[in-house]
Structures are given as structure tokens and as C-alpha cells.
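J.: Take this sequence and fold it.
(4 chains)
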Protein chains: 2
Amino acid sequence: MARRDEPQQSRAELRERVLTALRELLRERTFDTLSVADIITAAGVSRASFYFYFAGKQAVLAELVRRAVGAGHEAAQPWVQAAADPRETLRAGIDAGAELWLANAAVLRAIVETWASDPQLRELWLAQMETFTDATITRIEADRRANPAVAARLDGVDVQALAASLTWTGERLYYLAACGVPPFDDRAVLVDTLTHLWVSALYD
Amino acid sequence: MARRDEPQQSRAELRERVLTALRELLRERTFDTLSVADIITAAGVSRASFYFYFAGKQAVLAELVRRAVGAGHEAAQPWVQAAADPRETLRAGIDAGAELWLANAAVLRAIVETWASDPQLRELWLAQMETFTDATITRIEADRRANPAVAARLDGVDVQALAASLTWTGERLYYLAACGVPPFDDRAVLVDTLTHLWVSALYD
DNA sequence: ACGCTGACCAGACACGGCGTATGGTCGGGC
DNA sequence: GCCCGACCATACGCCGTGTCTGGTCAGCGT
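T.: Numbers count the residues shown, from 1 in each chain, chains lettered A, B, ... in the order given. Take a look at the predicted model:
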């Protein structure tokens, strides 16, 4: 027994097989309905090997999330760094976020539904949100210094809290969109609404 | 055996014992870590009786949620019905929401973390959010008719989507507050920020 | 006084998922 | 030629679920 199905698959690319197997499975079923048996069957990997490389299915999901979200920071960069007319770059950033969520809907949906129940995932996701919040704060403070109107508008406002709430609003609406909950399943509506919230909270 | 521990507890108040037992347990542990065994032990009820009255622990949670949220509609009523100066009544409504979440933090937290994984709970929670969204729409439309400035501000805006997004933003921030995630664990910050988002999106 | 019925109980069951342990097979480096 | 590390199948103990069985108790009608 113990024959190699794929004779010459390079060694530690077995990890990769597990990761892509989970990513594929998530396109059809939700994370909580997936068992380790499902994953290793799809990956063509033994139970023992699975537990050698991963602490459990949460660990696999964590890795997928880290990868999926790496691209997220770049998506937000234009708005964070741009100097002029925030409204347009902001909208572009929100649209890029929608794109990112669309591309990784299955994985992101899984973590949003799971982070509360697992310490590792919780820390990962909270840290992730904090990263976006920090980027937002940086940009807001820059606007505040450069633009008296913005400074006036934000007078007495807790910028940290405002940035965090905008970040989390994004998380929620993108998530609902990924779930197909109306009216956010319509991408144009999603982007318009989110943009309206950000613009009116910060600049109007 | 089979002696009645509480000799003369009226009959179908056994249901109630289960409900309050879960509510109490949720004050200390999260829903997903609770087993049916835990619940029936705390309630002093047999496994068979439990399954006679409830389809599972989700069904118990669903009932707790329905009760907890009934009070929520009343909390929102002042703002929905009030004719004048929305800002103050709006803030009062948001504060009442915080109060409601504080009082029922354990139950509400449980459903927010669980509704994605159970069809019944999903329908329940989505319907709940829709109810709040509808109330918000009603109020916004009234403002729009009564106040030209509001009408101008909301020109071309999808009111339905805006109302829904504000509702879900509330859900998220109240939830984070219940989880003790900063900066929302500070109630004043929470209410200020949420109020700022609503006011700037609708009236400013 | 009797027995029936309905509410309730304890306990056990089959099932399925989890995480670990065992023993064995293969390929490649020395 | 051999040894080691990567990998496999299998099975185990544990725990939670939902169902089923058999039995105890109260109240009520007769």
C-alpha cells in the first residue's frame, strides 16, 4: 500500500495541496460543515500528514486568510497615500475592497463567521481590522492637518473610534454582500452606500 | 428514583427552567462551548424532556433572542415617531440600544456569533435587522418630506441601502462593545461614534 | 380504592467528528 | 546497500448529538 497517487509531487507541497483543497471546498460548503476528513480526502492526504503540518482546520483557514488579506493592504494604499481629492481615491479604494472580497469571498466569509469561536483566528482578524483602522487614521490625520474644513468637521471627534467603526462597517457590508443578503448583493449599491458613509462621516 | 427535586413546580414551567438556565450559562461561557448536557444539568431537566420541548440548543437560543429583542422595537420608537429635532431623539435611541445590548449582552452576542451556521437563526436575525431597517426607512422618508435640506442631501441616495447599512453598523459596534473590543468597550465612545455616523449620513 | 394517562426521569444507544498513536512503505542521500 | 525522513492506512479513546427504552410519579375519573 501507501502508493504515491501523484508519483513525483515535490515534498512539502503537500501543505499546498491542503490549502488549495480547503479553498476549493469553501466555494461550495461553509467552513463549519467541513470536517477534517472532507479536507484530507479532497487534498489526497493522510490524516497523520494533515496533523503534522496543521494544528487543525482553523490553522489552515488562518493561513488562507493571511494570504488573501496581504493583497488588501495594497488595495487601500492609493487612498492612504494620495494627497489630493480624497473622494475619488476613497471610492476607488472601496471598490478595490469589493473586488478583493469578491475574489476571496469564500475564505473571508469563513473567517468572519469563525473568528469569534477560536482564539487564534480572533487575534488574527482583530489584528487585521486594526491594520486597516491604523491606515485610516493616518490618512484622516493627514487630511486634518492639510484641510481646515476637515479639521473643523472632526473637532471633538474621536478619530480612532471613527476610523475603527468605518473599518468594521466595511467588514460587515462586504460580508453581507458575500452572503448575498440584499441590498448589498448589488455591487454598485454596496460601493455607493459605503462611499456615502465614509464621505459624509469625514469630508462633507 | 425520579423524585421531583422541586416538588410542586408547575408543569410546563420546565421550559422556562431551560430558558433561564441557558441565559445564565451564557453569562459565563460562549454558546458554541455549551453542550446540551451542560444546559440540562443547569436546568435540572432530563435529556428526554429537553428534546421534547426544543429541537436543540439553537431553538432555545432562538426563543431567548425573540424575547430580548421585543424590547428593542420600543427602544427605537421615540426616534421613529418624534416629529422634531431628530439629532437628540436619535442619540437617545442609540443610547437606548446600548442599554438594551448591555442588558442582554450574552444572548445577543450568542446569536450574532451563531446565525450564520443555522438556517432558523439566520432567518430570525435577518428578519430582525430588516425590522429595524424598515423603521429607519420610515423615519428617513418622513424627514425627507418635511425637511428640504434632508431631501437635498439624500438626493440620488438609495435610502433602503443606507438604512440597512446604518442598522448593520449598529449591530456590529454594539457587538464589539459586548465583546469588550476597544475602543467600543467605552460606552460613551460607542454612542458618540455611532451618533456621529448616523447624523452625518442623514442630516449634516 | 383502583387503574389509567401524561409528564417526567435515568440510562443506554448508534453515529460521527476530533486528535493521537501505531506500524509500515517508499524515495533519495550517503 | 542502507538508513532516514516523508508519507500512508488504520484504529483508538474521547466527547457531543439526538433517539429510544423502561420506569416512577401525580392527579383524576369512576
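J.: Pull the contacting residues for the residue of chain A at minimum distance from DNA strand D.
T.: Distances between chain A and DNA strand D by CB to the nearest atom of the strand are smallest at A:S49, namely 3.2 Å. C-beta here means a position set from N, CA and C on the backbone, and glycine is covered the same way. Taking CB atoms under 8 Å, 6 or more residues apart in numbering or on different chains as the definition of contact, the neighbours of A:S49 are A:14, A:40.
J.: and the gap between it and A:A55?
T.: 14 Å (CB to CB, to the nearest Å).
J.: can you list the residues of chain A near chain B?
T.: A:30, A:32, A:113, A:116-117, A:126, A:157-158, A:160-162, A:164-165, A:168-169, A:171-173, A:176, A:179, A:181, A:183-184, A:189-190, A:192-194, A:196-197, A:200-201, A:204 (CB under 8 Å from any CB of the partner chain).
J.: before we move on, the earlier item: distance of the residue of chain A closest to DNA strand D from A:Q120?
T.: When distance is defined by CB to CB, A:S49 is 21 Å away from A:Q120.
J.: just for chain A, where's the confidence low?
T.: Low-confidence segments of chain A (pLDDT under 70): A:1-12, A:75, A:83.
J.: Swap in 90 and give it another go.
T.: Across chain A, the stretches falling below the confidence threshold (pLDDT under 90) are A:1-15, A:44, A:69-93, A:96, A:139, A:142-153, A:155-156, A:203-204.
J.: biggest helix in it, by residue count?
T.: helix A:119-146 (DSSP state H).
J.: buried stuff in that one?
T.: Within helix A:119-146, the residues that count as buried by 16 or more other CB atoms under 10 Å in any protein chain shown are A:121-122, A:124-125, A:128-129, A:132-133, A:135-137, A:139-140, A:142-144.
J.: In this model A:E74 seems to touch A:G93, though I could be wrong.
T.: No: with the criterion set as CB atoms under 8 Å, A:G93 and A:E74 do not qualify as a contacting pair; they are 10.6 Å apart.
J.: Would you mind telling me which of these two has more residues around it?
T.: Neighbour comparison, A:G93 and A:E74: the larger count goes to A:G93, with 24 against 10 (by other CB atoms under 10 Å in any protein chain shown).
J.: That one and A:Q81, how far apart?
T.: When CB to CB is the yardstick, A:G93 and A:Q81 sit 11 Å from each other.
J.: same thing with A:E130?
T.: The spacing between A:E130 and A:Q81, counted by CB to CB, is 19 Å.
J.: For burial, what's the neighbour tally of A:S46?
T.: Counted with other CB under 10 Å, residues neighbouring A:S46 total 12.
J.: where's it relative to A:K57, distance?
T.: 15 Å.
J.: rewinding a little: can you name the next helix or strand after the longest helix of chain A?
T.: Note on helix A:119-146: by DSSP states H and E, the next helix or strand toward the C-terminus is helix A:148-153.
J.: packing partners for the next helix or strand after that next one?
T.: Next along the chain after helix A:148-153, taking DSSP H and E as the criterion, comes helix A:159-179. Contacts of helix A:159-179 with other secondary structure elements, assessed using 3 or more CB pairs under 8 Å, 6 or more residues apart in numbering or on different chains; DSSP states H and E, are made with helix A:86-103, helix A:105-114, helix A:119-146, helix A:187-202, helix B:159-179, helix B:187-202.
J.: can you put these in JSON lines and add distance to DNA strand D?
T.: Compiled in JSON lines, these are given as follows (distance: least, CB to the nearest atom of the strand, whole Å):
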{"stretch": "helix A:86-103", "distance to DNA strand D": "29"}
{"stretch": "helix A:105-114", "distance to DNA strand D": "18"}
{"stretch": "helix A:119-146", "distance to DNA strand D": "18"}
{"stretch": "helix A:187-202", "distance to DNA strand D": "35"}
{"stretch": "helix B:159-179", "distance to DNA strand D": "22"}
{"stretch": "helix B:187-202", "distance to DNA strand D": "33"}
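J.: tell me which residues of the strand or helix carrying the residue of chain A closest to DNA strand D are tucked away?
T.: Per DSSP H and E: A:S49 is located in helix A:47-53. Of the residues in helix A:47-53, those scored as buried under the neighbour-count criterion (16+ other CB under 10 Å) are A:F50.
J.: right, is it up against DNA strand C?
T.: Yes: using CB under 7 Å from any atom of the strand, we find that helix A:47-53 touches DNA strand C at A:47-48, A:51.
J.: Nearest to A:R15 among those?
T.: Taking CB to CB as the measure, A:R15 lies nearest A:Y51 of these, at 12.4 Å.
J.: Could you report the distance from that closest one to A:D118?
T.: If you measure A:Y51 against A:D118 using CB to CB, the figure is 17 Å.
J.: cool, and A:D155?
T.: Using CB to CB, A:D155 is found at 41 Å from A:D118.
J.: Could you do A:D85 as well?
T.: Taken as CB to CB, the spacing of A:D85 relative to A:D118 amounts to 42 Å.
J.: For these two, indicate the residue with more neighbours.
T.: Remark: of A:D85 and A:D118, A:D118 carries more neighbours, 19 against 9, as counted by other CB under 10 Å.
J.: buried set for stretch A:61-77?
T.: Of the residues in stretch A:61-77, those buried under the neighbour-count criterion (16+ other CB under 10 Å) are A:61-65, A:68-69, A:72, A:75-76.
J.: scratch that, stretch A:25-40
T.: Neighbour counts over stretch A:25-40 (16+ other CB under 10 Å) mark A:25-26, A:31-32, A:34, A:39-40 as buried.
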